[in-house]
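Undergrad: Sequence first, then the predicted structure, then my questions.
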Protein chains: 2
Amino acid sequence: MGIRRMRRVRLIVEYDGTGYSGWQRQINAVSVQQRLEEAIARLTGQVVSVVGSSRTDAGVHALGLNVHFDTDSPVPDEKFSYALNTMLPPDIRVRASMAAPEGFHARFGATGKVYRYLIYNFPHAGALNRNTHWHVMLPLDVAAMRREAALMVGEHDFKAFAASGSIVKDTVRTIYRCQVDARGHEVRVMVYGNGFLYNMVRILAGTLVGVGEGKLAEGAIRRAIESGDRLALGMTAPAHGLTLMRVFYGDGDAAGDYFEQWI
Amino acid sequence: MGIRRMRRVRLIVEYDGTGYSGWQRQINAVSVQQRLEEAIARLTGQVVSVVGSSRTDAGVHALGLNVHFDTDSPVPDEKFSYALNTMLPPDIRVRASMAAPEGFHARFGATGKVYRYLIYNFPHAGALNRNTHWHVMLPLDVAAMRREAALMVGEHDFKAFAASGSIVKDTVRTIYRCQVDARGHEVRVMVYGNGFLYNMVRILAGTLVGVGEGKLAEGAIRRAIESGDRLALGMTAPAHGLTLMRVFYGDGDAAGDYFEQWI
């Protein structure tokens, strides 16, 4: 054990969002943030507030949500992962813990994020993938989805992708990459950008599926960007197909790994 | 709806074995077989016994367990899948239903089976894959595992692989293919043979991991086949890493698809 010294610790957190009301702490519902804060309190004896990189909705998963918190616990930075994993429920795991670099802020310091949306394209729903894949019965035209996904790339005003009732003022975001791949009955959407509006990836997934099913004419994303009209896009895809894969802090060059590999 | 006529129906069944005591019906525990028989009874109004291709243990999964049952229900053969899926719990799905060919028997007619065993090789357990992957902390030597897996191939007396207390007399089986692949932190064992002894794939997986960890000398499988000694092999790997992928009935040529694709 090290000496007591106030500093910031960074965690990379994975969770199965199925059993949670989402990332963010709230009254009368169990959140991932609450479970993590409880585990830190048990370990350190200190009440801490953790700051997460992203506020995922109920049912949304994460493989690489970033978290920071301040502590003077004598637990060495890189041992927090092992110690917290003995106290967390099995559907939440700390993949790594480390000393946060000077000035690190999990939320405001994020410069890029990679999200994945998984679709199971088969006549019947799956049993094993029921909590991670959106079941779509109609056969999808993956080539059309791929062409549509390419329209996301670049700096655009994604106002049409903002959930109704959203109060965010600046709706300009840059999408660096947006890719659709199919393997067997699985269709995977990967998207990497400097930031995302609330529900943006789920609206993107719903739009790509709408195009893939032939219910929505190709070019919907171009028309939505031009018009700012939410109605030009498809439905908001269900939460459980979505996973936050990784958050970058000025170190986004490796994002491509997540597109090449089928993680 | 068709006319009433006694005939045999074949189902391809997928399930998440996490919540079940295994395939086979038993007293005081919920099995997949029981849930399937209940759904058929609700649909047809008839009490039926279903015959499954394999008796999977508690926690073991299936993507392609085969089932047959006899019925004179007017439900068309190929509609059973859709109708049963409205009555089954979401962790059991019928992937397809069809008229069974003349003389079809799900258990005794099986000529080959493909099993998959998944390992998560990372310092920390996973949250999203906790019910489908065996968590192994020590870094695995995948090349050594691959060499070891090759020793399975051929017609051998696999007596050493029979679970203790097993009463099976004929322990000769033919393994057509046995392959180890790695992708990121995931290690996948695929094995295709004309039949498997009880616990054989789990003992195989435990042995490959023992070799991969360097705890067991390479050649363990050769020594076990020669000596018939269970102690020459590694531990029995946990049930939840195992999935029955497919059962063949004299139509095994497509088994390779399961090895090429990462399903």
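TA: Received it, and whenever you're ready, just let me know what you need.
Undergrad: need the contact list for A:Ala144.
TA: Shown in contact with A:Ala144 (Cβ atoms under 8 Å, 6 or more residues apart in numbering or on different chains): A:211-212, A:214, A:218. Yep, even glycine has a C-beta here, placed from its N, CA and C like the rest.
Undergrad: will you turn those residues into TSV that also has neighbour count and secondary structure?
TA: Shown next, in TSV, are those (neighbours: other Cβ atoms under 10 Å in any protein chain shown; DSSP: H, G, I helix; E, B strand; the rest coil):
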residue	neighbour count	secondary structure
A:Val211	25	helix
A:Gly212	26	helix
A:Gly214	13	coil
A:Glu218	15	coil
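Undergrad: ok, of those residues, which one's closest to chain B?
TA: A:Gly212 (20.7 Å; Cβ to the nearest Cβ).
Undergrad: A:Val142 is in contact with that closest one, correct?
TA: Yes. Using Cβ atoms under 8 Å, A:Gly212 is in contact with A:Val142, at 6.7 Å.
Undergrad: what touches both of these two?
TA: Residues touching both A:Gly212 and A:Val142 (Cβ under 8 Å, 6+ apart): A:Val187.
Undergrad: wait, is A:Thr236 part of a strand?
TA: No. Applying DSSP: H, G, I helix; E, B strand; the rest coil, one finds A:Thr236 to be coil, outside a strand.
Undergrad: Poorly predicted segments of chain A, please.
TA: Residues of chain A that meet the criterion pLDDT under 70 lie in A:1-2, A:163-166, A:252-263.
Undergrad: cutoff 90 now
TA: Where chain A drops to pLDDT under 90, the residues are A:1-5, A:26-28, A:102, A:162-169, A:250-263.
Undergrad: That one against chain B: which residues are in contact?
TA: Taking Cβ under 8 Å from any Cβ of the partner chain as the measure of proximity, chain A contacts chain B at A:14-16, A:61, A:63, A:81-82, A:85, A:90-96, A:122-128, A:130, A:132, A:183-184, A:243, A:261-263.
Undergrad: Write a PyMOL command that selects only the buried members of the residues you listed.
TA: Selecting the buried subset of the residues of chain A next to chain B in PyMOL, with 16 or more other Cβ atoms under 10 Å in any protein chain shown as the burial test, is done by:
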select buried, chain A and resi 14+15+16+61+63+81+85+91+92+93+94+95+122+124+125+126+127+128+130+132+243+263
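Undergrad: Among the residues of chain A next to chain B, which lie within helices?
TA: A:81-82, A:85 (DSSP state H).
Undergrad: of the residues you listed, closest to A:Tyr249?
TA: A:Ser81 (18.3 Å; Cβ to Cβ).
Undergrad: Out of the residues of chain A next to chain B, which sit inside strands?
TA: If you go by DSSP state E, the residues of chain A next to chain B have A:14-15, A:61, A:63, A:92-96, A:183, A:243 in strands.
Undergrad: so where do the strands sit in the stretch 151-263 of chain A?
TA: In the stretch 151-263 of chain A, the strands defined using DSSP state E, counting those that start in this stretch lie at A:154-157, A:172-183, A:186-193, A:242-248.
Undergrad: Name the nearest residue to the residue of chain A positioned farthest from its centre, sequence neighbours excluded.
TA: Computed with Cα atoms, centre = their mean, the maximum C-alpha offset from the centroid of chain A is found at A:Ile3, amounting to 35.3 Å. Excluding its sequence neighbours, the residue lying closest to A:Ile3 (Cβ to Cβ, 6 or more residues apart in numbering or on different chains) is A:Pro74, at 6.4 Å.
Undergrad: For the closest residue to A:Asp181 other than its chain neighbours, give me its contacts.
TA: Spatial nearest neighbour of A:Asp181, chain neighbours left out: A:Arg188 (5.0 Å); criterion: Cβ to Cβ, 6+ apart. Shown in contact with A:Arg188 (Cβ under 8 Å, 6+ apart): A:116-119, A:180-182, A:262.
Undergrad: Next: A:Leu208.
TA: So A:Leu208 contacts A:145, A:148-149, A:180, A:189, A:234 (Cβ under 8 Å, 6+ apart).
Undergrad: follow-up on the earlier one: the ones in strands among the residues of chain A next to chain B: which two are farthest apart?
TA: Maximum pairwise distance among those (Cβ to Cβ): 29.6 Å, between A:Val94 and A:Arg183.
Undergrad: Can you report phi and psi for A:Arg8?
TA: Here is the backbone geometry of A:Arg8 (degrees, to the nearest 10): phi -100, psi 130.
Undergrad: residues near the residue nearest to it when sequence neighbours are not counted, how many?
TA: Nearest residue to A:Arg8, sequence neighbours excluded (Cβ to Cβ, 6+ apart): A:Ala100, at 3.9 Å. A:Ala100 has 22 neighbours, counted by other Cβ atoms under 10 Å in any protein chain shown.
Undergrad: Could you do A:Gly228 as well?
TA: Look at A:Gly228: counted by other Cβ under 10 Å, it has 14 neighbours.
Undergrad: element containing A:Lys113, please.
TA: Using DSSP states H and E, A:Lys113 falls within strand A:112-121.
Undergrad: on contacts alone, who are the packing partners of that strand?
TA: Packing partners of strand A:112-121 (3 or more Cβ pairs under 8 Å, 6 or more residues apart in numbering or on different chains; DSSP states H and E): strand A:134-136, strand A:186-193, helix A:200-212, strand A:242-248.
Undergrad: Make CSV out of these and add distance to A:Phe161.
TA: Formatted as CSV, these follow (distance: least, Cβ to Cβ, whole Å):
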stretch, distance to A:Phe161
strand A:134-136, 18
strand A:186-193, 11
helix A:200-212, 4
strand A:242-248, 14
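Undergrad: Quick one: residues contacting the residue lying closest to A:Gln34 once chain neighbours are set aside.
TA: Excluding the flanking residues, the one nearest A:Gln34 by Cβ to Cβ, 6+ apart is A:Arg25, at 5.0 Å. By Cβ under 8 Å, 6+ apart, A:Arg25 lies in contact with A:31, A:33-34, A:37.
Undergrad: Format those as TSV; extra columns: neighbour count and secondary structure.
TA: Below are the contacts of A:Arg25 laid out as TSV (neighbours: other Cβ under 10 Å; three-state DSSP):
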residue	neighbour count	secondary structure
A:Ser31	20	coil
A:Gln33	23	helix
A:Gln34	17	helix
A:Glu37	18	helix
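Undergrad: Show me what residue of the stretch 101-250 of chain A gets nearest to chain B.
TA: A:Ala127 (4.4 Å).
Undergrad: check contacts around that residue.
TA: Per Cβ under 8 Å, 6+ apart, neighbours of A:Ala127: B:14-16, B:90-93.
Undergrad: Can you tell me which of these is nearest B:Val50?
TA: B:Ile92 (12.0 Å).
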